[in-house]
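Novice: how would this look folded up:
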Amino acid sequence: MGIVMKKLALLATALAMVSGSALAADMPVKAVKAPPPAPFEPWDIAFGSAIMNDYIFRGITQSNHKPSVTAYFEPRYNVTKDVQLYVGTSFESISFPNRAAAEVDVYGGARVTLGAFAFDVGAWGYLYPGGTCHYGGGATTDFAGVPLSNECQINALLNTNVIKKDLSFFEVYGKVNYTFNDNFSMGGNVYYTPSFLNSGAPGTYASVVGKAIAPSAWFGTSGIGMYVSGEFGRQWLGTSDSFYGTALFPNGINYADYNTWNIGIGFTYKVFTLDLRYSDTDLSKGDCSVFTGAFNAQVGTTTVTGNNPFGNSSNWCGAAGIVKLSADLTAMTNLK
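Specialist: Next up is the predicted model:
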């Protein structure tokens, strides 16, 4: 009887276990909730700085081929993930003929992304505080008879070039960029100003740009990236006001249009970029002196024209190699 009772007890235990397992299998499993999507953050701030051996703008040095530093600060508001409004300011150290203290830029616009296309439209102001007018030569008026200020009369550059006290101006611009894939993109830019460098001459600049990014596998897990980029542009310029006029053209001179191009290679690591670039233009040394008013332009005879009666020539528009180290951050990415 004891053996039979033991067998019955074992059978009951087994049936209970099977029954319990079946009931457990029939119980509904409570789904794990997916984490809520990250909240949309409309505000962001981009900022950064750089040091370079030469500050080149559209093929022309702004620092007399000397080192320059720059920094910028750009608040951004993302209306949606594809529409961004922005304003910003930047600072660059320069060496201008009027001895302006610095270049201070203020700008703003909108960036819109539509699939592979990225558009950017806005306005950019270039401010050059602290400048001094240089005209001299015993003149009390320019060649058109417009009176010169006392400051213009008493200050003169040794090479007879003239330059206004204030070179500040603004441009409106439009940009478009098309991203073919993760490694290649191309785009175009157009800028317009009614008075380039406050000269009275309207200016239009248009360019095409391209960028190729090396596959990330090239550098493994090092975090280093590499790219090659370039630009080809043309600067169209009109006729200046009478301040820059000459005896042959008293009401103003017609600045020469010119082409400019640059190509370079860059290396990135985290927030840092090292960019090595070659820049050049087809602007002659004589036209360069006329356009820039370079304080160190050389007086000669081979570039004498109606626009350049003293034959001054300048290398501010020639070939240049640029080495630039920059750091670029955004608050949402780098400061969290």
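Novice: What ranges in the chain fall below the confidence cut-off?
Specialist: Within the chain, the stretches falling below the threshold (pLDDT under 70) are 1-38, 301.
Novice: can you pull out the strands in it?
Specialist: All strands of the chain, identified by DSSP state E, fall at 43-52, 56-57, 60-61, 68-80, 83-92, 103-114, 117-127, 169-181, 184-193, 203-213, 224-237, 258-269, 272-281, 320-330.
Novice: closest one to residue 249 among the ones you listed?
Specialist: With Cβ to Cβ as the criterion, residue 249 lies closest to strand 224-237 of the strands of the chain, at 14.2 Å. Any C-beta I mention is one placed from the backbone N, CA and C, and that applies to glycine too.
Novice: Now for residue 206: which residues touch it?
Specialist: Residues touching residue 206, when contacts are defined by Cβ atoms under 8 Å, 6 or more residues apart in numbering, comprise 188-191, 233-234.
Novice: Let's see that with 7 Å instead.
Specialist: In this structure, residue 206 makes contact with 189-190, 233-234, judged by Cβ atoms under 7 Å, 6 or more residues apart in numbering.
Novice: same question, residue 46
Specialist: For residue 46, counting by Cβ under 7 Å, 6+ apart, the contacting residues are 74, 76, 330.
Novice: go with 10 Å
Specialist: Residues near residue 46 by Cβ atoms under 10 Å, 6 or more residues apart in numbering: 72-76, 86, 88, 328-334.
Novice: Now the buried members of those.
Specialist: Buried subset of the contacts of residue 46 (neighbour count, 16 or more other Cβ atoms under 10 Å): 72, 74-76, 86, 88, 330.
Novice: Just name the closest of these to residue 314, please.
Specialist: Taking these together and measuring to residue 314 by Cβ to Cβ, the closest member is residue 72, at 28.6 Å.
Novice: That closest one is in contact with residue 86, isn't it?
Specialist: No. Contact status for residue 72 versus residue 86: not in contact, 11.2 Å apart, counting by Cβ atoms under 10 Å.
Novice: Pull up the overlap in contacts between the two.
Specialist: Taking Cβ under 10 Å, 6+ apart as the contact rule, the neighbours common to residue 72 and residue 86 are 46, 107.
Novice: Run through the residues that contact residue 274.
Specialist: Each residue near residue 274 by Cβ under 10 Å, 6+ apart is listed here: 265-268, 323-326.
Novice: Could you do residue 242 as well?
Specialist: Residues near residue 242 by Cβ under 10 Å, 6+ apart: 141-146, 200, 249-253.
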